[in-house]
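Colleague: Okay, here's the prediction I keep looking at, along with the sequence it came from:
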Amino acid sequence: MSTANPAPAKLRVATVSLAGCFGCHMSFLDIDERLFELIEHIQFDRSPLTDIKTVGLCDIGLIEGGLCNAENVEVLRAFRANCRVLVAVGACAITGGLPALRNHLDVGDMLQAVYGTVPDDPELPLPLNKVHPIHEVVRIDHSLPGCPPSADAFWHLLQDLIAGREPAHGLIRYD
Amino acid sequence: MSSFSFDGQPVPLQPGDTILQAAQRAGHEVPHLCWHPEVSASASCRVCTVRVDGRPAAACTTAAAAGQRVECHTADLRAQRLHLLQMLFVEGNHFCPGCEKSGHCLLQHQAERAGMTDLHYETLNPERPVDASHPDVLFEPNRCILCQLCVRASDELDGKQVFAIGGHGIATHLLINSASGRLGDSALAVTDRAAHICPVGALLPKRVGFAVPIGQRTFDDAETRG
């Protein structure tokens, strides 16, 4: 019988971009060669990196982007229901960000101005009349501000969560 | 020389000092938004609230006195300051990533220093139309925090009284002294001190945006840049 300790279970991490530009995901990838170290401790569930379409039971959910339509709300609620720790990543998730610049305009008027008509294909998610930050719909455990947060901010957050520590906030910026 | 205690450190005081003046002169940081050394103090933002012998007081308007025990950076005052800053963010429309004042903004700086990572409260999304009628100065009321620095600068330094505060509660807003209520019809000149004193970019001289590269801005230090 082997006496070697079994390898510790990897944390499952899911990521998604709601009403965002994927800039936060790009910044996440900017942790560069440290991804090899990270992948020793985590495995990805739903994420643009895996192309898995639905979120399974996870330890950590990283949410980029705010809420601009009904599908965003549905996905966010699925993440909250499935992720033990939910992290709001970037200005759009935390404040609504630049998509929220439309909040003082009428959605119907904007659709008319852009498309010449209001699109009514049943496959299109229903737009919300305002863009909302995600903490207005579900409970958020941690936030990484920035547009986008730096690669180091992602790295330190994940290191803290992997080690079971309360994440420290030493890299706060909003632009 | 007489002194008072600031977070346990002795701070010498001079006649006429406020707590904020004396503490800053002694090298202590007192968080503030609506205070500026060139104009009178108004205590409108309350970010500089400290405890003086156990009672809360605005450091910018409270006279310093020998023997006072002033607390500034305690856990409860930090928490109150953080919530005050979060309320200022949700009461306006602050878009740091696209704002040309970013990196020079005192509200952004104080929030970063206070450790603000989220808004906590529900965003109010007030409707505040931009006034771009002045040829040389932009008025972007979405960023206004009603600190009254432009009001005091126009009155005390420029001798013009271009600005005032009007309205009540969440509808409180900056008034412009002109028949149309628009900045372009007011007596404001881009050379006025009031056109440059805004801490958050609600009043900005036109055609000079984004002139300083990221990394060299007022509040770009190692701590905030990461």
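Modeller: Cool, got the structure.

Colleague: The residue nearest in space to the middle of chain B: which element?
Modeller: The centre of chain B sits closest to residue B:33, judged by CA atoms, centre = their mean, with a distance of 2.4 Å. Residue B:33 is part of no helix or strand, with elements assigned from DSSP states H and E.

Colleague: now do the one 4 residues further on
Modeller: Secondary structure assigned from DSSP H and E places residue B:37 in neither a helix nor a strand.

Colleague: Check residue A:26 too.
Modeller: Using DSSP H and E, residue A:26 maps to helix A:23-29.

Colleague: could I get that helix in PDB with only the CA atoms?
Modeller: C-alpha atoms of helix A:23-29 as PDB (Å, rounded to 0.1, in the frame of the first residue of the first chain):
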ATOM      1  CA  GLY A  23     -10.800  43.200 -21.100                       C
ATOM      2  CA  CYS A  24     -10.800  41.700 -17.600                       C
ATOM      3  CA  HIS A  25     -10.300  38.200 -19.000                       C
ATOM      4  CA  MET A  26      -7.400  39.500 -21.100                       C
ATOM      5  CA  SER A  27      -5.900  41.000 -18.000                       C
ATOM      6  CA  PHE A  28      -6.400  37.600 -16.200                       C
ATOM      7  CA  LEU A  29      -4.400  36.000 -19.000                       C
END
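
Colleague: Summarise which helices and strands it is packed against.
Modeller: Packing partners of helix A:23-29 (3 or more CB pairs under 8 Å, 6 or more residues apart in numbering or on different chains; DSSP states H and E): strand A:11-17, strand A:58-64, helix A:90-95, helix A:151-162. The C-beta positions use only the backbone N, C-alpha and C, and glycine is treated the same way.

Colleague: Mind doing that once more with 10 Å?
Modeller: Other elements packing on helix A:23-29 under the criterion 3 or more CB pairs under 10 Å, 6 or more residues apart in numbering or on different chains; DSSP states H and E are strand A:11-17, helix A:34-38, strand A:58-64, strand A:83-89, helix A:90-95, strand A:142-144, helix A:151-162.

Colleague: Which stretch among these is buried most, on average?
Modeller: helix A:90-95 (a mean of 30; mean count of other CB atoms under 10 Å in any protein chain shown).

Colleague: So what touches the helix or strand just after that helix?
Modeller: Downstream of helix A:90-95, the first helix or strand assigned by DSSP H and E is helix A:107-115. Residues from elsewhere that reach helix A:107-115 (CB atoms under 10 Å, 6 or more residues apart in numbering or on different chains): A:68, A:102, A:105-106, A:117-120, A:126-130.

Colleague: Show me which of those are buried.
Modeller: Buried by 16 or more other CB atoms under 10 Å in any protein chain shown: A:68, A:102, A:127, A:128, A:130, out of those.

Colleague: Pretty sure residue B:73 sits against residue B:30.
Modeller: Yes. Residue B:73 is within contact range of residue B:30, at 9.2 Å (criterion: CB atoms under 10 Å).

Colleague: Compare the two and say which is more crowded by neighbours.
Modeller: Between residue B:73 and residue B:30, counted using other CB atoms under 10 Å in any protein chain shown, the more crowded position is residue B:30 (22 against 14).

Colleague: can I get the CA coordinates of stretch B:176-191 in CSV?
Modeller: Output of stretch B:176-191 as CSV, limited to C-alpha atoms (Å, rounded to 0.1, in the frame of the first residue of the first chain):
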residue,chain,number,x,y,z
ILE,B,176,-24.9,78.8,-12.3
ASN,B,177,-25.4,82.5,-12.1
SER,B,178,-26.7,83.5,-15.5
ALA,B,179,-30.1,84.3,-17.0
SER,B,180,-30.3,81.0,-18.9
GLY,B,181,-28.6,79.0,-16.1
ARG,B,182,-26.0,77.8,-18.5
LEU,B,183,-22.3,78.2,-18.0
GLY,B,184,-21.7,79.8,-21.4
ASP,B,185,-23.9,82.7,-20.4
SER,B,186,-22.1,83.3,-17.0
ALA,B,187,-19.2,85.5,-16.1
LEU,B,188,-16.8,82.6,-15.7
ALA,B,189,-13.5,82.9,-17.5
VAL,B,190,-11.1,79.9,-18.0
THR,B,191,-8.5,82.0,-16.2
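
Colleague: ok now it, how far from the chain's centre?
Modeller: 22 Å (CA atoms, centre = their mean, to the nearest Å).

Colleague: Mind jotting down where the helices sit in chain B?
Modeller: For chain B, the helices defined by DSSP state H occupy B:19-25, B:75-91, B:106-113, B:149-152, B:222-225.

Colleague: mind listing what residue 72 touches?
Modeller: With no chain named, the answer covers chain A. Residue A:72 is in contact with A:16-20, A:63, A:65-66, A:125, A:127-128, A:131-132, A:134, A:137, counting by CB under 10 Å, 6+ apart.

Colleague: Chain B, not that one
Modeller: B:6-7, B:19-20, B:23, B:28-31, B:48-51, B:59, B:78, B:81.

Colleague: Point out where chain A drops to low pLDDT.
Modeller: By pLDDT under 70, the low-scoring segments of chain A are A:1-4, A:7.

Colleague: can you tell me which residue is nearest the centre of it?
Modeller: residue A:63 (1.4 Å).

Colleague: now the nearest residue to that residue once chain neighbours are set aside: how far from residue B:43?
Modeller: Using CB to CB, 6 or more residues apart in numbering or on different chains and skipping residues adjacent in sequence, the residue nearest residue A:63 is residue A:93, 5.2 Å away. Distance of residue A:93 to residue B:43, computed by CB to CB, to the nearest Å: 35 Å.

Colleague: again, but for residue B:77
Modeller: Here residue B:77 is placed at a distance of 16 Å from residue B:43 (CB to CB).
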